[in-house]
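Asks: I need the structure of the sequence given here:
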Amino acid sequence: MPFEILKISIIHLGRYGIKWAEKSMGRRPQEKRRGMKNMKNKKTLWMILTGLIIGAISVVLVANGNPKNMGFCIACFIRDIAGGVGMHQAAIVQYIRPEIIGLVLGALIMSVAGKEFKAQGGSSPATRFVLGFFVMVGALMFLGCPLRMVLRIAGGDLNAVVGLVGFVVGILAGIFCLNQGFSLRRTYEQSPLEGGMISAINVALLVLVVAAPPVIYFSTEGPGSMRAPLLLALAAGLVVGALAQKTRLCMVGGIRDAVLFKDFYLLWGFIAIIVAALIGNLITGNFTLGFAGQPVAHTDGLWNALGMVLVGFASVLLGGCPLRQLILAGSGNSDSAITVLGLFVGAAFCHNFKLAASAEGPTPNGKIAVIVGLVVVAVIAFVNIQKQKKNS
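Replies: Residues are numbered from 1 along each chain as shown. Down below sits the predicted model:
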């Protein structure tokens, strides 16, 4: 009798054990997988919503004074700020753009609120400065950063489609280098003062544009004179900066991750910006399909493409597009702050030495600078890869 009781007990324990194992090994992972899938879907929806908001805000900024197809342009606006503080004397592109200030401060606020502000740096700062410089050279050949390229496509500018082809080629070149072992090395923890320096500079710029002392410059004609009201532009920058920080939006990262990892999360933001801006442009009558007559653009396809090859190539090596560099800088990354300084110096250099293109087309100096830039970026990649292989 005791044996039978023991036998029955063992059988019941075995059954309960199997059920517990099934629950632990089968159901819980399934629930975990469902949870992960739901989280991924939620992130994707946030990215799409972010893209739609950015596209809509860009249309609103244009409707309120910004140049057409230029609700946001990191390269153009940094160029304007460089002119506004006297780093170059191109009179038609001088204005301290509140949108850039808002982007940095919006990223700062969101990163602090989300406990993601992290002061760090020390990862090849000189190399990052040079790469940032040549990103600007390529962008001012094309007349726009990757974000403006997307907005130009949404406005019907087929020159931007040519630029997109070059952009993808540049990203593929960068991906090849990453696969070969390219790396700008690790970052190190730094003081909060170091991480917040770029934000402090932008606060100073905000004071300057509000106070408007005679030592700064305001364009009275040309693209620099076309501007949305200061408070609207600042608010737009704050919103976009906060959203871009939260979602990690990056024009380069979308294509890079889709190719490298078959991950389309960032690419959804890229697409959503086009959709929202396209709808807005159709509603406001700012959509014009074609190559000729596009605002702040030229029709030289070869140099539109090569300019964006340089932007895509250098941005992949940097780990993000100009927008992403601003957001990271606002979040405490001093390496990205160094890259942003490279963009500023590049913008001033381009206009002081006649490298920047115009609606009439590229300049001879600009063509030389783009070729030099492609060579320099390729050399940086090659030397870095060889060093990584030697150390491995």
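
Asks: The helix or strand harbouring Val112: what's the following helix or strand?
Replies: Per DSSP states H and E, Val112 falls inside helix 98-113. Of the helices and strands lying after helix 98-113 in sequence (DSSP H and E), the nearest is strand 120-121.

Asks: so how far is whichever helix or strand comes after that following strand off the chain centroid?
Replies: Per DSSP H and E, the first helix or strand lying C-terminal to strand 120-121 is helix 125-142. Distance of helix 125-142 from the chain centroid (C-alpha atoms, centre = their mean, to the nearest Å) equals 14 Å.

Asks: Can I get helix 125-142 in CSV, CA atoms only?
Replies: Provided in CSV are the C-alpha atoms of helix 125-142 (Å, rounded to 0.1, in the frame of the first residue of the first chain):
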residue,chain,number,x,y,z
PRO,A,125,38.3,63.8,-32.2
ALA,A,126,40.6,65.1,-34.8
THR,A,127,39.4,62.5,-37.3
ARG,A,128,35.8,63.3,-36.5
PHE,A,129,36.5,67.0,-37.1
VAL,A,130,38.0,66.3,-40.6
LEU,A,131,35.1,64.0,-41.5
GLY,A,132,32.6,66.6,-40.4
PHE,A,133,34.4,69.2,-42.5
PHE,A,134,34.1,67.1,-45.6
VAL,A,135,30.5,66.2,-44.9
MET,A,136,29.8,69.9,-45.2
VAL,A,137,31.8,70.2,-48.4
GLY,A,138,29.7,67.4,-50.0
ALA,A,139,26.4,68.9,-48.6
LEU,A,140,27.1,72.4,-50.0
MET,A,141,27.9,70.9,-53.3
PHE,A,142,24.5,69.2,-53.3
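
Asks: residues near Gly301, how many?
Replies: By other C-beta atoms under 10 Å, the residues close to Gly301 number 16. (C-beta placed from N, C-alpha, C; glycine too.)

Asks: Look up the closest residue to it, ignoring the ones flanking it.
Replies: Val162 (4.7 Å; C-beta to C-beta, 6 or more residues apart in numbering).

Asks: In contact with that neighbour, which residues?
Replies: With contact set as C-beta atoms under 8 Å, 6 or more residues apart in numbering, Val162 has these partners: Gly301, Asn304, Ala305.

Asks: cool, and Cys73?
Replies: Gly144, Cys145, Leu147, Arg148, Leu151 are the contacts of Cys73 under C-beta under 8 Å, 6+ apart.

Asks: Quick check, the third one in contact with Phe72.
Replies: The reference is to Leu147. Yes: look at Leu147 against Phe72 with C-beta atoms under 8 Å: they come within range, at 5.4 Å.

Asks: Can you pull out the low-pLDDT segments for this structure?
Replies: For the chain, the stretches flagged by pLDDT under 70 are 1-36.

Asks: Please state the offset of the longest helix seen in it from the chain centre?
Replies: Scanning the chain for the helix with the most residues, using DSSP state H, yields helix 28-63. Helix 28-63 sits 17 Å away from the centroid of its parent chain (C-alpha atoms, centre = their mean).

Asks: got the angle for the following helix or strand past that helix vs helix 125-142?
Replies: Next along the chain after helix 28-63, taking DSSP H and E as the criterion, comes helix 74-84. Helix 74-84 runs at 100 degrees relative to helix 125-142, counting by axes from the mean of the first three to the mean of the last three C-alpha atoms, to 10 degrees.
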